[in-house]
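Asks: Sequence plus predicted model, see below.
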Amino acid sequence: MRTPWEYRYARRTKNMGSSAIRELLKLTQIPGLISFAGGLPAPDVFPVEEFKNACDIVLSEVGSQALQYGTTEGYLPLRDMIARHSCRYGIKVGAENIQITSGSQQALDLLGKLLINPGDRILVEEPTYLGALQAWNAYEPDYLTVPIDEFGMQMTPLEAALRASPKFIYVLPNFQNPTGVTLTIERRKKLVELADHYGVPIVEDDPYGQLRYEGEHLPPILMLDDRFQKNGEVNYRGNVIYLSTFSKTLAPGIRLAWIVAPAEVISKIVQGKQGADLHTSTFNQMVAFEVAKGGFLDKHVRTIRKVYGYRRNVMLKAMEKYFPEGVSWTHPMGGMFLWVTLPEGINTVEMFEKAVAIKVAYVPGTSFFAKGGGLNTMRLNFSNANPEMIEEGIARLGKVIKEEIEAIK
Ligand SMILES: Cc1ncc(COP(=O)(O)O)c(C=O)c1O
């Protein structure tokens, strides 16, 4: 039925497709289906008891404050805590640089609202985080894409794209969503150097940085930028806006994340956020603070690393066993995803139905390409399913892939 609304939609809605991932997530409801499609953390590691106790404490000790409107910037003790934690990772900032958001997804939307005019060029990795494209498409940018390889964003095409004067660079340096690859230290430094040379600021999106299962922690781009600018003295200069979230370290359902930005930018973001939701849930911020304080967050992250690291290993081993020749995949050192490349000619969108028919799901890789492409790729999540399901799901997927490869021979 036609409603009086459709032909009144704003022009920008033309660019707003519904998320392929959201649609696919519906399939996780099919009984017996093993889904590697969503970006879901493992429900078995959610700190339910800690949240229960924290709710109790917050409601009995500061109940009326928790149920009241709060400031747009966010709950100050939580912002202080985030600033302190950030300093540990070499990001020297204070609470005045921290904006709490309702998930990093809102942070991306607010940055779009703040920075993107129709036709502005935004430089993104290819492939990149689908949620960022979705958030920004409504603001009608043009994308400049820079391909990535196993070491992250490639520097020669980056420099070529920078010559086209993008408004900002969007980069996911750690265990990138969707590919799982990590930007090497050499490339991080080069990125900072090139961004400085061409005068283009950077948005660094880092939801997974703490979920490292092997190798050394690498410094955030934000820190490298400060070092570069200040000749060794680390002090937040503001050339890089940094995003992170509690979704992967505590729970995504609380919708809590943060932006690190210069204080002047935070006051502008505050204006944008007031128009969106006034502020992020006071209750959730206070409960999360109660859960996270006193060292629990660090302890919990160690548990998550163990569980996810093991699941990643199970998936990699199962792929060796069940995937046919001609298929390659990334070996992420952390995070929640890995990326599979099938022989040219196979279309993972078309293959999807066949996979679902034998009850296994993935995300077709093309969804993560701002300008199309990647038809023979797919993203697999290894954090959500338990090890037995991972083994079984990869065996099923191997079967579908083999059949597809046979069919194109
Ligand atoms: C790269 C990236 N940015 C942002 C988000 C959004 O996270 P949040 O749950 O904080 O909205 C995700 C979630 O998967 C992500 O992978």
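Replies: Yes, it's here.

Asks: and this structure, which of its residues are near the ligand?
Replies: On the criterion C-beta under 6 Å from any ligand atom, the ligand has as its neighbours in the chain the residues 39, 103-105, 129, 131, 172, 177, 205, 207, 245, 247, 252, 257. All C-beta spots, glycine's among them, are computed from the backbone N, C-alpha and C.

Asks: Tell me which residues touch Asn215, please.
Replies: No, residue 215 isn't Asn; it's Gly. Going by C-beta atoms under 8 Å, 6 or more residues apart in numbering, Gly215 touches 182, 333.

Asks: could you redo the last one with a cut-off of 6 Å?
Replies: Met333 (C-beta atoms under 6 Å, 6 or more residues apart in numbering).

Asks: Return the per-residue confidence for it.
Replies: Looking at Gly215, its pLDDT stands at 96.

Asks: Tell me where the stretch 301-409 of the chain has strands.
Replies: Secondary structure of the stretch 301-409 of the chain by DSSP state E, counting those that start in this stretch: the strands cover 328-329, 337-341, 360-361, 363-364, 377-381.

Asks: same thing with the chain?
Replies: Under the criterion DSSP state E, strands of the chain are mapped to 34-35, 98-101, 121-126, 142-149, 152-153, 168-171, 202-205, 240-245, 257-260, 328-329, 337-341, 360-361, 363-364, 377-381.

Asks: any chance of the ones you listed in JSON lines, plus mean pLDDT?
Replies: Shown next, in JSON lines, are the strands of the chain (pLDDT from 0 to 100):
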{"stretch": "strand 34-35", "mean pLDDT": "93"}
{"stretch": "strand 98-101", "mean pLDDT": "98"}
{"stretch": "strand 121-126", "mean pLDDT": "98"}
{"stretch": "strand 142-149", "mean pLDDT": "98"}
{"stretch": "strand 152-153", "mean pLDDT": "98"}
{"stretch": "strand 168-171", "mean pLDDT": "98"}
{"stretch": "strand 202-205", "mean pLDDT": "98"}
{"stretch": "strand 240-245", "mean pLDDT": "97"}
{"stretch": "strand 257-260", "mean pLDDT": "98"}
{"stretch": "strand 328-329", "mean pLDDT": "98"}
{"stretch": "strand 337-341", "mean pLDDT": "98"}
{"stretch": "strand 360-361", "mean pLDDT": "94"}
{"stretch": "strand 363-364", "mean pLDDT": "93"}
{"stretch": "strand 377-381", "mean pLDDT": "97"}
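
Asks: who wins for neighbours among the residues of the chain next to the ligand?
Replies: Using other C-beta atoms under 10 Å as the neighbour test, the residues of the chain next to the ligand are led by Leu172, with 29 neighbours.

Asks: Show me what the closest residue to that residue other than its chain neighbours is bridged to.
Replies: Distances taken as C-beta to C-beta, 6 or more residues apart in numbering place Asp205 nearest to Leu172, at 5.0 Å, with adjacent residues excluded. Counting by DSSP bridges, Asp205 forms beta bridges with Leu243.

Asks: Equivalent analysis for Met153, please.
Replies: Assigned bridge partners for Met153, using DSSP bridges, are Ile148.

Asks: any low-confidence regions in the chain?
Replies: The chain contains residues with pLDDT under 70 at 18-25, 27-28, 230-235.

Asks: show me what contacts the residue of it at minimum distance from the ligand?
Replies: Across the chain, the shortest distance to the ligand (C-beta to the nearest ligand atom) belongs to Gly103, at 2.7 Å. Going by C-beta under 6 Å, 6+ apart, Gly103 touches 255, 257.

Asks: could you measure it against Ile405, distance?
Replies: Using C-beta to C-beta, to the nearest Å, one gets 39 Å for the distance from Gly103 to Ile405.

Asks: Also Ile202?
Replies: 40 Å.

Asks: Who has more neighbours out of these two?
Replies: Set side by side, Ile202 and Ile405 show more neighbours around Ile202, with 21 against 17, by other C-beta under 10 Å.

Asks: quick revisit: mind checking the strands of the stretch 301-409 of the chain for the one nearest to Ile269?
Replies: Of all those, it is strand 337-341 that lies closest to Ile269, at 28.0 Å by C-beta to C-beta.

Asks: Now do that closest one against strand 377-381, angle only.
Replies: Put simply, strand 337-341 runs at 150 degrees to strand 377-381, going by axes from the mean of the first three to the mean of the last three C-alpha atoms, to 10 degrees.

Asks: So which bits of strand 337-341 are buried?
Replies: 337-341 (16 or more other C-beta atoms under 10 Å).

Asks: Stretch 59-69 too?
Replies: So for stretch 59-69, counting by 16+ other C-beta under 10 Å, buried means Ala66.
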